[in-house]
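Asks: quick check, what structure comes out for this input:
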Amino acid sequence: MSLFLQTIICGILLGAMYALIAIGMTLIMGVMKIINLAHGALVMVGMYITYFCFKEWGIDPYLGMFISMPALFLIGCLIQKYLINRLVEVDSILPENQVLLTVGIMLVLTETMRLIFKSDYRSVVTSYSTKTFFLGDISISIPMTFGFLIAMILTWLLHLFLTRTDLGRSIRATAQDRDAAIYMGVNASRITVITFGIGSALAAAGGSLLLPLFYLWPDIGHLFTAKAFIITILGGMGSTMGAILGGLTLGIAESLGATYISMGYKDVVGLIIFLLVLLFLPGGFRSLTRR
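Replies: Numbering: from 1, shown residues only. Okay, the predicted model is just below:
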């Protein structure tokens, strides 16, 4: 029982960090109505910025996150304004072409990081990397606990931003009905730029929180794109609360798979759940609330 409870707790802690990454994808998807397949690459770039700050300046990864977040916000805004928006404004361009553009962006970011940092596996080792604390017989990782708490705080701050500020309400209005928002005076092009920037910053935050737990190499972005997409489908496309629930579900599923099946097959467990949801619950967890 202790092993089972420890596995569930570890899954919840890990799932919260996954959810933070997926919320960024969900936010972008809700406003732009396209799947951003470059999202994992943005996570990877944020991880490399945090890694560089740690190796060159000795900045703790949880503090380096506050450098990578503004950097990725700026990168995200530039990508949206000068690349994606140009395609969105062309009526003859199909949505599939917009998705293909994000694939191209992903490849450029991945190969740029490979050119700079090579393909070597890298890791961040801090004084608390292997430390744990105990709740009875249950051992809990300190880095995972820190990551969980920071992810929850950032998610709460995002909720306050979306519900309590005029800019946040404009983002929600654009996501619900872009044309109606434009008629009400919302600058939709500006909102999409800011939204992509926020989504990219959340990707950087999630990547920084996971950096002490994962090896880092240029192609790790593909893994996080898959995880974010699975969580988005699990929670229901465009649902922030669904992304949180989907992240926790994926984290618990991977943790159970690693403990009771094999560490090498933990990612397969998430893919199986993804396929089952597509087959039997296409609308994700959000569709359960409508029944």
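
Asks: gap between stretch 211-230 and the chain center?
Replies: Stretch 211-230 sits 9 Å away from the centroid of its parent chain (C-alpha atoms, centre = their mean, to the nearest Å).

Asks: in it, which residues are buried?
Replies: For stretch 211-230, the neighbour count (16 or more other C-beta atoms under 10 Å) marks 211-213, 216-218, 220-221, 224-230 as buried. From N, CA and C alone the C-beta is placed, and that goes for glycine too.

Asks: ok, Trp57 - how many residues close by?
Replies: 9 (other C-beta atoms under 10 Å).

Asks: sorry, slip of the keys, the one I care about is Ile198.
Replies: Neighbours around Ile198, by other C-beta under 10 Å: 26.

Asks: which SS class is it?
Replies: When classified by DSSP: H, G, I helix; E, B strand; the rest coil, Ile198 comes out as helix.

Asks: for the nearest residue to it once chain neighbours are set aside, give its distance to Met263.
Replies: Distance criterion C-beta to C-beta, 6 or more residues apart in numbering; nearest residue to Ile198, sequence neighbours excluded, is Leu27 at 6.3 Å. The spacing between Leu27 and Met263, counted by C-beta to C-beta, to the nearest Å, is 32 Å.

Asks: would you mind listing where the stretch 51-200 of the chain has pLDDT under the threshold?
Replies: 89-96 (pLDDT under 70).

Asks: Leu78: neighbouring residues, count only.
Replies: 14.

Asks: ok, now how distant is it from Ile105?
Replies: 11 Å.

Asks: again with Asp267
Replies: 24 Å.

Asks: which one's more surrounded, these two?
Replies: Ile105 (19 against 16).

Asks: so which of Leu27 and Met263 has more stuff around it?
Replies: Leu27 (25 against 10).

Asks: which secondary structure element contains that one?
Replies: helix 2-32 (DSSP states H and E).
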